[in-house]
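Peer 1: Fold the following and give me the result.
(chains A and B, ligands or ions: 2)
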Amino acid sequence: MKVLVTVKRVIDYNVKVRVKSDGSDVDLNNVKMAMNPFCEIAVEEAVRLKEAGVASEIVVVSLGPQAAQEQIRTALALGADRGILIQSDANLESLTVAKLLAKVVAEEQPGLVIMGKQAIDSDNNQTGQMLAALTQMPQGTFASEVKVDGDKVQVTREVDGGLQTVELAMPAIVTTDLRLNEPRYASLPNIMKAKRKPLDTKTPEELGVEIKAHTQLLKVAPPAARQAGIKVASVEELVDKLKNEAKVI
Amino acid sequence: MAILIIAEHDNQSLKGATLNAVTAATQLSGDIHLLVAGGDCQAAADQAAAVAGVTKVLLADNAAYEHQLAENVSLLVAELGADYSHIIAPSTTGGKNLMPRVAALLDVVQLSDVMAIESDDTFARPIYAGNAIATVKSLDAIKVITIRTTGFDAAVSEGGSATIETVAAVHDAGISSFIGETMAKSDRPELTAAKVIVSGGRGMGNGENFALLESLADKLGAAVGASRAAVDAGFVPNDMQVGQTGKIVAPDLYIAVGISGAIQHLAGMKDSKVIVAINKDEEAPIFSVADYGLVADLFDAVPELDAKL
Ligand SMILES: Cc1cc2nc3c(=O)[nH]c(=O)nc-3n(C[C@H](O)[C@H](O)[C@H](O)COP(=O)(O)OP(=O)(O)OC[C@H]3O[C@@H](n4cnc5c(N)ncnc54)[C@H](O)[C@@H]3O)c2cc1C
Ligand SMILES: Nc1ncnc2c1ncn2[C@@H]1O[C@H](COP(=O)(O)O)[C@@H](O)[C@H]1O
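Peer 2: Numbering: from 1, shown residues only, chains lettered A, B, ... in the order given. Ligands and ions are numbered 1, 2, ... in the order given. Sure, this is the predicted structure:
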């Protein structure tokens, strides 16, 4: 079975983003970029499926600028077999990403598509579900466990009240939650080997998908700042403040 | 045109988050209709009809919708939704699972986690773990929206008298099935609805020590939350996680115990009215958002606080 994994190039999760002073967007100049953490988990899950003999080939896809090659190479170093970059400097909204991925799915015919549940830049949490709709595949979102069983996959999902398990007919889409696995680090020899793995570049035009704007970004502002608080010296003072100043207890 | 809200329910009763979605809808122009899609869900529909501000309840009662599988319900919502200006759900895991699928079927994008409504087509939503707030104008004819429940008060659940209309359409994609679920049982209030939350982090050391927080929570009528580190370490179950990728909460009082205050955690709780931090490291970033910070060992401070309440 072939597994398709998507990886997005995003701001490193340790970096606190700043808003540009003209309020037009966030400032990504000279900011450290990395693979979206949920996509790392997706890659790891695919690699484990391959190690378990369930997956035969792992194809990794990223959409974005030329530089997104770095994230594809990282995925190749972690164990993916080949990469596809859909190169565009345009602002690719989720629906466009899903439409482009649907083309890749049609071409590659994977048994399983593993994606992150959320990109930590847009915080959209929608591309996987959209791809599932466009390809008429079932979806196992927010996965904390994935078990392939013949032509079915059982996915345990992190839902509000606890855990839910669903069974999906394959091909299916899985989006990863944090506790699905703990991603490994790439070893130096594997990083070197990854440089020789195939990486194809395509464009949205070649795939026949029009880049359409569904939204217009009017402004970006920093969140309302919190008033700096005080330190209390004792539990007694804390209780007093909560009762008499904040009046919350 | 009217606004369609997708009700969250367990077939018997309506979930609180739906009431926040109703309030969001009242800030838009148009009648408010609530879709209750489920199996044997008449009771939930009756509750939906009583919500103030709702004019019509659409009841789609069929076994195919019992567990609200997105594969089936999205087909129903996309069919009904074509006649609406807005389709709204709370951004719970249920809403997040369903709505993008609906949006794609309608060839529109979803506006995720909307926290404020400026007009019928312009919305504010957090990006980058809430470190920036984007104001976005939708260019789509149908706006598919999930709303952040902490951004909107709950609508009154009584007094309304909407008509209930039965929807006959049955959509069963036949590609997914529900196997089972394990739901955490608790007598404490739900995290997203609680007025007071006591949360523990890695500093709690182990799961047993959460008993300290539970005792405190019981005195305060509070819910118990956790950081990701505490969940990952197996101290507590995943549904207790507060943060960018967990639950977003904004109680009157949030007490963070043994939590350092990583941006991903702050993203989920920094809109709380009053924040208390108890941490033995005076440099911990949590103190930068805390109204009242106590630099202390939690194993001394929490029992003492418990005793003084
Ligand atoms: C993609 C992604 C998403 C994430 N999403 C979330 C999320 O939704 N929610 C979330 O919480 N995190 C999230 N994280 C993780 C986040 O980055 C932090 O790792 C996590 O919040 C740390 O949890 P913590 O504060 O409990 O642990 P730590 O950072 O280890 O802090 C423990 C704190 O306890 C204090 N302490 C220890 N012992 C005591 C004691 N005896 N008395 C008093 N204080 C003590 C220490 O001083 C320290 O400040 C995410 C990370 C990533 C990459
Ligand atoms: N430009 C992209 N390139 C590759 N994968 C993407 C891209 N955008 C979204 N994805 C995938 O979709 C997931 C969810 O993204 P989002 O819906 O934007 O939060 C991400 O974790 C990725 O796996």
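Peer 1: can you tell me the residue of the stretch 101-250 of chain B closest to ligand 2?
Peer 2: residue B:112 (7.7 Å; Cβ to the nearest ligand atom). Every C-beta, even on glycine, is put in place using the N, C-alpha and C of the backbone.
Peer 1: That residue - how many residues pack around it?
Peer 2: Residue B:112 has 26 neighbouring residues, counting by other Cβ atoms under 10 Å in any protein chain shown.
Peer 1: ok, it - contacts?
Peer 2: Neighbouring residues of residue B:112 by Cβ atoms under 8 Å, 6 or more residues apart in numbering or on different chains: A:122-126, B:91, B:96, B:125, B:146.
Peer 1: do residue A:73 as well
Peer 2: Here residue A:73 is in contact with A:83, A:191, A:194-195, A:199 (Cβ under 8 Å, 6+ apart).
Peer 1: what's the following helix or strand after the helix or strand where it lies?
Peer 2: Assigned by DSSP states H and E, residue A:73 belongs to helix A:69-78. Downstream of helix A:69-78, the next assigned helix or strand under DSSP H and E is strand A:82-87.
Peer 1: okay, the angle between that next one and helix A:69-78?
Peer 2: Inter-element angle recorded for strand A:82-87 and helix A:69-78: 170 degrees (by axes from the mean of the first three to the mean of the last three Cα atoms, to 10 degrees).
Peer 1: residues of strand A:82-87 that come out buried?
Peer 2: Under the neighbour-count criterion of 16 or more other Cβ atoms under 10 Å in any protein chain shown, strand A:82-87 has A:83-87 buried.
Peer 1: So for stretch B:40-54, first residue to last residue, what's the gap.
Peer 2: Terminal residues of stretch B:40-54 lie 21 Å apart, using Cα to Cα, to the nearest Å.
Peer 1: returning to what we had before: tell me the average confidence for the helix holding residue A:73?
Peer 2: Here helix A:69-78 scores 98 as its mean pLDDT.
Peer 1: does ligand 2 sit close to that helix?
Peer 2: No: with Cβ under 6 Å from any ligand atom as the criterion, ligand 2 is not reached by helix A:69-78; the gap is at least 8.2 Å.
Peer 1: just how off-centre is that helix within its chain?
Peer 2: How far helix A:69-78 lies from its chain's middle: 14 Å, per Cα atoms, centre = their mean, to the nearest Å.
Peer 1: Highest neighbour count among the contacts of residue B:112?
Peer 2: The most crowded member of the contacts of residue B:112, judged by other Cβ under 10 Å, is residue A:126 (31 neighbours).
Peer 1: Which residues are in contact with it?
Peer 2: A:94, B:96, B:99-100, B:103, B:109-110, B:112.
Peer 1: Give me the buried subset of those residues.
Peer 2: Using 16+ other Cβ under 10 Å, the buried ones in those are A:94, B:96, B:99-100, B:103, B:109-110, B:112.
Peer 1: Among those residues, which one sits closest to residue B:280?
Peer 2: residue B:96 (36.0 Å; Cβ to Cβ).
Peer 1: helix/strand/coil for that closest one?
Peer 2: helix (DSSP: H, G, I helix; E, B strand; the rest coil).
Peer 1: With the one 4 residues further on instead?
Peer 2: At residue B:100, secondary structure determined by three-state DSSP is helix.
Peer 1: how close does the closest residue to ligand 1 within chain A get to residue A:44?
Peer 2: Going by Cβ to the nearest ligand atom, ligand 1 is nearest to residue A:37 of chain A, at 3.6 Å. According to Cβ to Cβ, to the nearest Å, residue A:37 and residue A:44 sit 11 Å apart.
Peer 1: What of residue A:154?
Peer 2: 19 Å.
Peer 1: Likewise for residue B:180?
Peer 2: From residue B:180 to residue A:44 the distance is 26 Å (Cβ to Cβ).
Peer 1: between these two, which one's more packed in?
Peer 2: Using other Cβ under 10 Å as the criterion, residue B:180 and residue A:44 rank with residue A:44 on top: 21 against 11.
Peer 1: Residue in chain B with the shortest distance to ligand 2?
Peer 2: Counting by Cβ to the nearest ligand atom, chain B gets nearest ligand 2 through residue B:100, at 7.3 Å.
Peer 1: That residue and residue A:129 touch, don't they?
Peer 2: Yes: between residue B:100 and residue A:129 a contact is recorded at 3.6 Å, counting by Cβ atoms under 8 Å.
Peer 1: tell me the average confidence for whichever helix or strand residue A:164 is part of?
Peer 2: With elements taken from DSSP H and E, the one containing residue A:164 is strand A:162-169. The pLDDT scores in strand A:162-169 average 96.
Peer 1: Repeat that for stretch A:128-143.
Peer 2: Here the average pLDDT along stretch A:128-143 is 98.
Peer 1: Same question for stretch B:253-268.
Peer 2: Mean predicted confidence for stretch B:253-268 is 97.
Peer 1: show me where the chain has helices.
Peer 2: Using chain A. A:37-51, A:69-78, A:94-108, A:127-135, A:188-194, A:204-207, A:235-240 (DSSP state H).
Peer 1: hm, I was asking about chain B
Peer 2: B:16-26, B:42-49, B:70-81, B:93-105, B:210-220, B:228-232, B:263-269, B:298-308.
Peer 1: Distance to residue A:219 added to these, as JSON lines?
Peer 2: Output for those, formatted as JSON lines (distance: least, Cβ to Cβ, whole Å):
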{"stretch": "helix B:16-26", "distance to residue A:219": "21"}
{"stretch": "helix B:42-49", "distance to residue A:219": "36"}
{"stretch": "helix B:70-81", "distance to residue A:219": "29"}
{"stretch": "helix B:93-105", "distance to residue A:219": "23"}
{"stretch": "helix B:210-220", "distance to residue A:219": "39"}
{"stretch": "helix B:228-232", "distance to residue A:219": "31"}
{"stretch": "helix B:263-269", "distance to residue A:219": "20"}
{"stretch": "helix B:298-308", "distance to residue A:219": "41"}
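Peer 1: mind checking which of these is nearest residue A:50?
Peer 2: Among the helices of chain B, if distance is taken as Cβ to Cβ, the winner is helix B:228-232, at 24.6 Å.
Peer 1: Say whether chain A is contacted by that closest one.
Peer 2: Yes: residues of helix B:228-232 contacting chain A under Cβ under 8 Å from any Cβ of the partner chain: B:228, B:231-232.
Peer 1: CA atoms of that helix as CSV?
Peer 2: The C-alpha trace of helix B:228-232 is given here as CSV (Å, rounded to 0.1, in the frame of the first residue of the first chain):
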residue,chain,number,x,y,z
ARG,B,228,0.0,19.1,27.2
ALA,B,229,3.1,17.9,29.1
ALA,B,230,0.8,16.6,31.9
VAL,B,231,-1.3,14.8,29.3
ASP,B,232,1.6,13.4,27.3
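Peer 1: what's next to that helix, contact-wise?
Peer 2: A:178-179, B:200-202, B:204, B:236-238, B:240-241, B:243, B:245-246, B:264-265.
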